[in-house]
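sequence first, predicted coordinates after that:
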Amino acid sequence: MVFQPDKPANLLRVLMLGEVYSKAGRKAVADHLPRLRREYRIDLVIANGESAAGGQGLTGGTAQELLKNGIDVITSGNRIFDQREMVEWLRTNPDSPVLRPLNYPAGTPGKASFQFNSALGTVEILNLNGRVYFNEMDSPFRVADQWLEQRRQAGITWPVVVDFHAEATSEKVVLGWYLDGRVSAVLGTHTRTPTADARVLPGGTAHVSDVGMVGPFHSVAGLEIESALKPFVSHYSVRPRSNKRPAGLVVFNSILLDIEPLTGKSAAVTRLDLMLDDNSK
């Protein structure tokens, strides 16, 4: 089915933002998301926020800022605890729509899914992390199976959108096929580099390997170019300078998704990518 800019009344429209990176990304969200919500008649906005705090994890304050500016659910990944305050913040804010991956060890603070009530019904957002280069995680395939079986036994049938935070495109593609027909969408994050493979799989699951990023365009996945080059050229790392960040254009990568609320199947998926002036200074 071809994506229709004018949303059909019977479909639930989801906007998934790429990883929001630092102040430039947060400012782009504040400046442009309200307009996009109105223009595309969006019912639910999800964003990966694990680089929202200066490119180094998430804080309670940056989470609150993103939620205030129109994001309904914040997902994360392997860097959710880069800022140590998030350990206690997730523990003391159990009802917040801020997620950490399901396949973290048992007892890790925070929750891995959130039920969002839209005008067209409930949608559940699930956060998973890949294992390629993240071997401390449990298998996302196994924990997804267990989670979905628990839902089946409880008689829960509403749509599920998965943020799969993973390094390898191969792992993301395989999980999309593995969950095809069992969830509404598997949307990849982590590399902050958008992929051009958005499609609806035969079982009705929308898939894209990586949504991309909301952050500085003249960068290496948001990072200052000098800092990114050093490990490759000189074999040592240079910490990013807090008072220097990539200047210039800001990229706004996202995915628009239409879901049939009754069946949970995706009707259409398309990229929505913008290039914006940098007004975050």
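Looks like it came in fine.

quick one: low-confidence ranges for the stretch 51-200 of the chain?
Of all residues in the stretch 51-200 of the chain, none has pLDDT under 70.

where along the chain do the strands fall?
12-17, 19-20, 44-48, 73-75, 113-118, 121-129, 160-165, 185-189, 199-200, 206-208, 213-216, 250-259, 266-276 (DSSP state E).

from the chain's centroid, how far away is the third one?
Shown here is strand 44-48, whose average C-alpha point lies 6 Å from the average C-alpha point of the whole chain (Cα atoms, centre = their mean, to the nearest Å).

kindly report the same for the first one.
When distances are taken as Cα atoms, centre = their mean, strand 12-17 is centred 11 Å away from the chain's centroid.

just the buried residues of that strand, please?
Neighbour counts over strand 12-17 (16 or more other Cβ atoms under 10 Å) mark Leu12, Arg13, Val14, Leu15, Met16, Leu17 as buried. Backbone N, C-alpha and C define where each C-beta goes, glycine included.

for Gly61, what are its contacts?
Shown in contact with Gly61 (Cβ atoms under 8 Å, 6 or more residues apart in numbering): no residues.

how near is it to Val174?
37 Å (Cβ to Cβ, to the nearest Å).

and for Val29?
From Val29 over to Val174 the distance is 31 Å, taken as Cβ to Cβ.

okay, and the beta partners of the nearest residue to Val269 once chain neighbours are set aside?
Distances taken as Cβ to Cβ, 6 or more residues apart in numbering place Ala206 nearest to Val269, at 4.0 Å, with adjacent residues excluded. For Ala206, the beta-bridge partners are Ala185, Val200 (DSSP bridges).

please verify my assumption that Ala206 contacts Leu256.
No. Counting by Cβ atoms under 8 Å, Leu256 is not a contact partner of Ala206; they are 9.9 Å apart.

mutual contacts of those two, please.
Residues touching both Ala206 and Leu256 (Cβ under 8 Å, 6+ apart): Val269.

so for the two, which sits in the more crowded spot?
In this view Ala206 and Leu256 are compared by other Cβ atoms under 10 Å, and Ala206 has more residues nearby, 29 against 21.

how far does stretch 232-252 stretch from start to finish?
With Cα to Cα, to the nearest Å as the measure, stretch 232-252 spans 27 Å from end to end.

likewise stretch 63-73?
End-to-end distance for stretch 63-73: 10 Å, by Cα to Cα.

turn the strands of the chain into CSV, including distance to Gln4.
Listed next are those as CSV, based on distance: least, Cβ to Cβ, whole Å:
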stretch, distance to Gln4
strand 12-17, 10
strand 19-20, 27
strand 44-48, 17
strand 73-75, 24
strand 113-118, 18
strand 121-129, 19
strand 160-165, 19
strand 185-189, 17
strand 199-200, 14
strand 206-208, 15
strand 213-216, 24
strand 250-259, 8
strand 266-276, 7
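
buried residues in stretch 171-190?
Those would be 171-173, 175-176, 179-180, 182-190, for stretch 171-190 by 16+ other Cβ under 10 Å.

repeat that for stretch 80-94.
Ile80, Phe81, Asp82, Gln83, Met86, Trp89, Leu90, Asn93.

now distance to Arg152 too, for those, in TSV please.
TSV is the format used below for these (distance: Cβ to Cβ, whole Å):
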residue	distance to Arg152
Ile80	28
Phe81	31
Asp82	35
Gln83	36
Met86	32
Trp89	32
Leu90	27
Asn93	29
